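Colleague: Fold the following, please.
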Amino acid sequence: MSKTTKTVWAAGGVLWRPTRGGGVEICLVHRPDYDDWTLPKGKIDDGETLITTAVRELREETGQLSKLGRHLLDVAYDVPSGRKRVRYWSARALGGDFWPNHEVDDLRWLEPSAAASVLSYPLDRKVLKEFERLPADLHTLLLVRHARAGSRSRFKGDDRLRPLDRLGRAQARELASLLGSFGAERLHAADRVRCEQTLAPTADRLGVAIVSEPALAEEAYREDPDAAHRRIREIATDTSAIHAVCSQGKVIPPLMRWWADEDKLSLPAKRNRKASVWVLSTFEGRLLAADHIDSPLPHTDRED
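Modeller: Reported below is the predicted structural model:
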């Protein structure tokens, strides 16, 4: 792609709902301007992340509230204004009402095989094929590295009490929106102030307490990693809610390597940045997919 070619970013999802027979239905939308059937999606707005865009566009085009799951694919194609790139997630429909409008005048709920035959574009069928590769009803666990705290060398006193700095507090506020997009309901944090503060805005939004997890702190992990591994498995296998767990930089990478080795999953090569998030998808206790989000802040999840 030429350096002068503009990239137009968009986001959407394979919006699905369970059927009484144990299958799933996929939502397709009809756009009157193009007379096509496609997956719901739309362009990013200023100040949004692609995650926020996906949730908003699903609501605007279908009327459905949703919670995101695993990342499916990024696709790209040429448009008159440049090169369009669209990021898709699996998204479970939570209910809502559709109202026809000038952008989308009709929608259909179809089984995946029928949806594939109706979709107008090969790239949409490619995204749907990736959706079908794994079970739709995967369980999500969100593993968060704490947001940025003040310098350890400059902090006087017990390092367990070191708080977030100004950027860290901003990251924590944005994390509340990000974790909410994936349906976070219960919160856990290593027994460090910076971990608890990272999830505090999310806790305020949900109106829930943060469960302390001493086994997931750095010193405890170094002394007894097996205890941390058992605890994260316990949390992951509780499918009564979607859990978000905040820990530290010397815990998350080795824990993820252990888990991926245990369940024979290849991990993407990602940096372990402050306020980054692993979106982990499990089925019957086994880790089947692991997606990484470098930052919750706008303009950090795409190329300009």
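Colleague: in the stretch 151-300 of the chain, which spans are helices?
Modeller: 166-181, 193-206, 218-223, 225-237, 252-263 (DSSP state H, counting those that start in this stretch).
Colleague: Pipe those into JSON lines and attach mean neighbour count and mean pLDDT per row.
Modeller: For every residue, glycine as well, the C-beta is placed using N, CA and C. As requested, the helices of the stretch 151-300 of the chain are exported to JSON lines (neighbours: other C-beta atoms under 10 Å; pLDDT from 0 to 100):
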{"stretch": "helix 166-181", "mean neighbour count": "20", "mean pLDDT": "97"}
{"stretch": "helix 193-206", "mean neighbour count": "21", "mean pLDDT": "98"}
{"stretch": "helix 218-223", "mean neighbour count": "15", "mean pLDDT": "97"}
{"stretch": "helix 225-237", "mean neighbour count": "16", "mean pLDDT": "97"}
{"stretch": "helix 252-263", "mean neighbour count": "16", "mean pLDDT": "97"}
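Colleague: export these to JSON lines and tack on distance to Asp46?
Modeller: Formatted as JSON lines, the helices of the stretch 151-300 of the chain follow (distance: least, C-beta to C-beta, whole Å):
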{"stretch": "helix 166-181", "distance to Asp46": "15"}
{"stretch": "helix 193-206", "distance to Asp46": "22"}
{"stretch": "helix 218-223", "distance to Asp46": "38"}
{"stretch": "helix 225-237", "distance to Asp46": "36"}
{"stretch": "helix 252-263", "distance to Asp46": "31"}
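Colleague: Could you point out which residue ranges in the protein have low pLDDT?
Modeller: 1-4, 153, 155, 303-304 (pLDDT under 70).
Colleague: Could you list the alpha-carbon positions for stretch 18-31 in PDB?
Modeller: In PDB, the C-alpha atoms belonging to stretch 18-31 read as follows (Å, rounded to 0.1, in the frame of the first residue of the first chain):
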ATOM      1  CA  PRO A  18     -28.600 -19.300  20.400                       C
ATOM      2  CA  THR A  19     -31.500 -21.200  19.000                       C
ATOM      3  CA  ARG A  20     -33.800 -23.600  21.000                       C
ATOM      4  CA  GLY A  21     -32.300 -26.500  19.200                       C
ATOM      5  CA  GLY A  22     -28.800 -25.800  20.400                       C
ATOM      6  CA  GLY A  23     -27.500 -24.100  17.300                       C
ATOM      7  CA  VAL A  24     -26.900 -20.400  16.500                       C
ATOM      8  CA  GLU A  25     -28.400 -17.800  14.200                       C
ATOM      9  CA  ILE A  26     -26.300 -15.000  12.500                       C
ATOM     10  CA  CYS A  27     -27.600 -11.500  11.900                       C
ATOM     11  CA  LEU A  28     -27.200 -10.100   8.400                       C
ATOM     12  CA  VAL A  29     -28.200  -6.500   7.400                       C
ATOM     13  CA  HIS A  30     -29.400  -5.200   4.100                       C
ATOM     14  CA  ARG A  31     -28.100  -1.800   2.900                       C
END
